[in-house]
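Student: Got a predicted structure plus its sequence, pasted below:
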Amino acid sequence: FAEKIKKNPNEVIGKLIKIGVMASINQEIDFETAKTIADEFEIEIEKNMEIVEEATDFFIPMDKEEDLRSRPPVVTVMGHVDHGKTSLLDAIRETHVTEKEAGGITQHIGASEVVIDGNKIVLLDTPGHEAFTTMRARGAKVTDIAILVVAADDGVMPQTVEAINHAKAAGVPIIVAINKMDKEGANPDRVKQELSDHGVVIEEWGGDVISVPVSALKGTNIDTLLEMILLVAEIEELKANPNRSAIGTVIEAELDKGRGPVATVLVQNGTLKVGDSVVIGTTFGRIRAMVNDKGRRVKQATPSTAVEITGFSEVPEAGDQMIVVEDDKTAKEIANNRIDKVKEEQMKKSQRISLDALYSQVQQGTIKELNLIIKADVQGSVEAVKQSIEKLSTDKVVIKAIHGGVGAITESDVMLASASNAIIIGFNVRPTSSATALAKKEEVDVRSYRIIYNALEDIEAAIEGMLDPEY
Ligand code: GDP
């Protein structure tokens, strides 16, 4: 490390000892320690590893810029129920799946590809933000662009707002599809107005979000929507290196009676080949067969391709990472090591943010931001609380309301809280029973209040370390 930053090793060791690391000259130090030392020297360092499995000494270095090639975008359709998410996916597929499914049987592998002007777009089949957030909560980012479907005759609804906030929290660009333009009551201007009220400002309104009026039912303007997806993809400069071993994420998995565990993985980098040794989450194996979205057997899958794979012993979970390694032995070693890590993670969950522990977390410097999700019975309360609560920010902790909405506290709120390490605050609303169960499992702090003042008081007390613990 000293060599790399061109410093005297003794000087580095000196600094290490100062921060309590009793290092010798040929001892390895982890990245965090290295960064602390580099900061001392006022040197910027970056971790140029894409994947590191420390305990097994396995790592994949970052790709060199010159090895990167552009890759197709991966798109998720989100929006309020009945606004036409499924219809839109169908409309896109009907017009643009060039190759018919093998034997006329519709394959369902969790993702499909369409080709427009020779450019590929990958659509994730499960519409809605639940799947999206579940994956993100597990650390997986598969979506490059979110299509927000808003019915022109209905406007922005609670789940539209949820979808907006989920996409924003994940840093995924949004394209708005104003759907049902064929309907009598269609009012796209109202939709644009309502969207801007929620921070999604359409281009014609001086913002940077593209909107396309469509009719999924009539198949109107679907091409324009697809062109806009390609345009945004180009701006995003999505890239991957096809000439290396693959990394991907599981988007669906199940136990098939005949074939055993099967999983659909989205290849995100590298090229996946039949015969590759893989680790998938905590399971491992060798790729026996691969089937694409048209139901055809394929021998390899390049970046941004979804394939259904078989050849491993246990069913992985959606959101699990897949990596190709050199042999089965390495795969097994990494899988076992990950099982140990999962156990550790479970321990760590007890370090989740909570109002009770906030003060000590702030003092230890482990928390610098308090993310809140605010649910209330009326919109007025949501706004009022948001404004008063954010004002409680101090120089040690910034308070941010990442989502606010009207209605009961739902599972979706809990998943968002879990993914963003947030606390949920409800006013005159309670969590649904399934949300309560999920909050318990995910160890998300959910608090209900009747009076705004009480919530403000609690948060203020928590910041100052004066909160009476809740039993
Ligand atoms: P989802 O719940 O968002 O997946 O919505 P669906 O795709 O199931 O659509 C809900 C309803 O709206 C269905 O009855 C569709 O036929 C209808 N629908 C969807 N798109 C359009 C459209 O462009 N125009 C009209 N008139 N109806 C639509």
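Tutor: Yes, it's here.

Student: contacts, neighbours, all on C-alpha from now
Tutor: Noted.

Student: Those residues of this protein touching the ligand, which are they?
Tutor: 80-87, 179-180, 182-183, 215-217 (C-alpha under 6 Å from any ligand atom).

Student: Which helix in this protein has the most residues?
Tutor: In the chain, taking DSSP state H as the definition, the longest helix is helix 328-348.

Student: Which helix or strand lies directly C-terminal to it?
Tutor: helix 355-363 (DSSP states H and E).

Student: How far off centre is that following helix?
Tutor: Helix 355-363 sits 26 Å away from the centroid of its parent chain (C-alpha atoms, centre = their mean, to the nearest Å).

Student: tell me what it is packed against?
Tutor: Judged by 3 or more C-alpha pairs under 8 Å, 6 or more residues apart in numbering; DSSP states H and E, the packing partners of helix 355-363 are helix 452-464.

Student: counting contacts, what elements does the helix it packs on pack onto?
Tutor: Helix 452-464 packs on helix 355-363, helix 379-390, going by 3+ C-alpha pairs under 8 Å, 6+ apart.

Student: With respect to burial, which of those scores highest?
Tutor: Highest mean neighbour count of these: helix 355-363, a mean of 19 (counted as mean count of other C-alpha atoms under 10 Å).

Student: First-to-last residue distance for stretch 258-274?
Tutor: Terminal residues of stretch 258-274 lie 19 Å apart, using C-alpha to C-alpha, to the nearest Å.

Student: Please identify the buried residues of that stretch?
Tutor: By neighbour count on 16 or more other C-alpha atoms under 10 Å, the buried set for stretch 258-274 is 261-274.

Student: and what of stretch 168-187?
Tutor: 168-170, 172-182, 186-187.

Student: How about stretch 81-97?
Tutor: In stretch 81-97, counting by 16+ other C-alpha under 10 Å, buried: 81, 83-93, 96.

Student: Now render these as JSON lines, adding secondary structure and pLDDT.
Tutor: Shown next, in JSON lines, are these (DSSP: H, G, I helix; E, B strand; the rest coil; pLDDT from 0 to 100):
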{"residue": "Val81", "secondary structure": "coil", "pLDDT": "91"}
{"residue": "His83", "secondary structure": "coil", "pLDDT": "96"}
{"residue": "Gly84", "secondary structure": "coil", "pLDDT": "94"}
{"residue": "Lys85", "secondary structure": "helix", "pLDDT": "93"}
{"residue": "Thr86", "secondary structure": "helix", "pLDDT": "91"}
{"residue": "Ser87", "secondary structure": "helix", "pLDDT": "93"}
{"residue": "Leu88", "secondary structure": "helix", "pLDDT": "95"}
{"residue": "Leu89", "secondary structure": "helix", "pLDDT": "92"}
{"residue": "Asp90", "secondary structure": "helix", "pLDDT": "90"}
{"residue": "Ala91", "secondary structure": "helix", "pLDDT": "92"}
{"residue": "Ile92", "secondary structure": "helix", "pLDDT": "91"}
{"residue": "Arg93", "secondary structure": "helix", "pLDDT": "85"}
{"residue": "His96", "secondary structure": "helix", "pLDDT": "64"}
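
Student: Count the residues that sit near Gly206.
Tutor: 8 (other C-alpha atoms under 10 Å).

Student: I figured Ser24 hits Gly14, correct?
Tutor: No: using C-alpha atoms under 8 Å, Ser24 is not in contact with Gly14; the gap is 10.2 Å.

Student: Pick out whichever of the two has more residues nearby.
Tutor: Using other C-alpha under 10 Å as the criterion, Ser24 and Gly14 rank with Gly14 on top: 16 against 12.

Student: On the three-state scheme, that one is what?
Tutor: helix (DSSP: H, G, I helix; E, B strand; the rest coil).

Student: how much space is there between it and Gly20?
Tutor: 10 Å.

Student: Same check on Val446?
Tutor: In terms of C-alpha to C-alpha, Val446 sits 38 Å off from Gly20.

Student: And for Ile452?
Tutor: According to C-alpha to C-alpha, Ile452 and Gly20 sit 45 Å apart.

Student: now swap in Asn179 and tell me
Tutor: Using C-alpha to C-alpha, we find Asn179 at a distance of 60 Å from Gly20.

Student: so who does Gly84 touch?
Tutor: Residues counted as contacts of Gly84 (C-alpha atoms under 8 Å, 6 or more residues apart in numbering) are 149-151, 179-180, 216.

Student: How far off centre is the helix or strand Asn165 falls within?
Tutor: Using DSSP H and E, the element containing Asn165 is helix 158-170. Put simply, helix 158-170 sits 12 Å off its chain's centre (C-alpha atoms, centre = their mean).

Student: can you tell me the average pLDDT over that helix?
Tutor: The average pLDDT within helix 158-170 is 90.

Student: If you count neighbours, what's buried in that helix?
Tutor: Buried, per 16+ other C-alpha under 10 Å, within helix 158-170: 159-170.

Student: Also stretch 280-295?
Tutor: Those would be 280-287, 289-295, for stretch 280-295 by 16+ other C-alpha under 10 Å.

Student: Any idea how far apart the tips of that stretch sit?
Tutor: 22 Å.

Student: next one: stretch 119-132
Tutor: Terminal-residue distance, stretch 119-132 (C-alpha to C-alpha): 24 Å.

Student: And for stretch 308-328?
Tutor: 20 Å.

Student: ditto for stretch 251-267
Tutor: Rule used - C-alpha to C-alpha; the end-to-end distance of stretch 251-267 is 10 Å.

Student: what bridges to Thr76?
Tutor: Note on Thr76: beta-bridge partners Ala146, judged by DSSP bridges.

Student: gap between it and Tyr359?
Tutor: Separation of Thr76 from Tyr359 (C-alpha to C-alpha) stands at 38 Å.

Student: What residue in the stretch 301-450 of the chain comes nearest to the ligand?
Tutor: Taking C-alpha to the nearest ligand atom as the measure, the point where the stretch 301-450 of the chain comes nearest the ligand is Ser412, at 16.1 Å.

Student: Can you get me a residue count around the nearest residue to that residue once chain neighbours are set aside?
Tutor: Spatially, and ignoring its direct neighbours in sequence, Ser412 is nearest to Glu130 (6.3 Å; C-alpha to C-alpha, 6 or more residues apart in numbering). Neighbours of Glu130 under the rule other C-alpha under 10 Å: 18.

Student: hmm, who's touching the helix or strand Glu130 falls within?
Tutor: Using DSSP H and E, Glu130 sits in helix 129-137. Residues external to helix 129-137 that are found in contact with it (C-alpha under 8 Å, 6+ apart): 76, 78-79, 141, 143, 162-163, 166, 170, 318-319, 412, 415-416, 418-420.
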